[in-house]
Structures are given as structure tokens and as C-alpha cells.
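J.: Sequence first, then the predicted structure, then my questions.
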Amino acid sequence: MSDYAGAAWFISTPAGFDGFYSLYEWGQDPEKPEWCSWQRPVTENPHLKEDFAALERTAPVRDWQVEGLAKFLPGGQGACFPEFDPAIHVCEPFEIPAGWRRSGALD
């Protein structure tokens with residue numbers, strides 16, 4: 001892509017706060033003007049309105065919000081902890097005080 005000043009499009013359905021969400025965030029960042037991102041619900045597509053009207057009535061609310069309305073929600077497909085929300089469970093990096101007990105783990 002760089003040889004020909006190419007472009008790339010990443011099209012997907014939200015699945016929690018994963019790598020696709022990171023790409024979306026880059027497109028929303030005014031400090032990354034070379035990136036663009038949009039979030040469009042299926043309800044804007046006039047050719048799919050009837051199909052998705054039935055889905056909206058029958059699908060679980062969360063599935064409709066993700067699949068139909070393109071909302072990024074905590075969790076994601078196959079998430080071990082579906083309640084995980086980076087806005088709540090992630091903090092800004094900081095220097096760990098020397099007196100704190102340390103441990104490690106590997107999954």
C-alpha cells in the first residue's frame with residue numbers, strides 16, 4: 001500500500017473493545033487525520049429495513065444493539081468476562097510503589 005499511496009478499509013461488526021475498536025478510535029482521533037471511521041446502523045439501509053425490523057423484534061436486546069445498531073458494548077463474542085469495560089476496568093499507567101507486593105501470572 002505504501003508503494004502506491006494506497007488505502008485500506010476495515011469493515012466489521014463491533015465485537016467488544018477489541019482491535020477493531022482500536023482502529024475505530026484512531027478514526028475518531030483528531031491527532032490522526034489520515035484515519036477516518038464511521039459507525040452506521042443497518043436501519044440506515046433502505047434495502048434491509050424489512051429484514052431487520054423482524055430481527056429487532058425477535059433478537060436479544062444486546063444482539064440487536066451490536067448487530068443492528070453497530071454499538072461497541074463491553075464484552076464481545078466469546079468474551080471470558082463479558083462485563084469487562086475498559087472505561088471502568090483499565091487505569092492510566094503509573095509507577096508501582098516499591099512497597100507493594102508483586103506477583104505474576106500467565107494464561
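T.: It's in. Numbering: from 1, shown residues only.

J.: ok, now which ones touch the most centrally placed residue in the chain?
T.: In the chain, the residue lying closest to the centroid (Cα atoms, centre = their mean) is Tyr21, at 3.3 Å. Taking Cβ atoms under 8 Å, 6 or more residues apart in numbering, we find Tyr21 in contact with 14, 72. Backbone N, C-alpha and C define where each C-beta goes, glycine included.

J.: repeat for Glu67
T.: So Glu67 contacts 13, 42, 55, 59 (Cβ under 8 Å, 6+ apart).

J.: Can you classify the third one by secondary structure?
T.: Classification of Leu55 by DSSP: H, G, I helix; E, B strand; the rest coil places it in helix.

J.: what about Gly16, neighbour count?
T.: Other residues within reach of Gly16, judged by other Cβ atoms under 10 Å, total 19.

J.: just checking, it touches Phe81?
T.: No. Applying Cβ atoms under 8 Å, one finds Gly16 not in contact with Phe81, separated by 10.1 Å.

J.: picking that back up, can you say which of the contacts of Glu67 are buried?
T.: Among these, those scoring as buried are Val42 (criterion: 16 or more other Cβ atoms under 10 Å).
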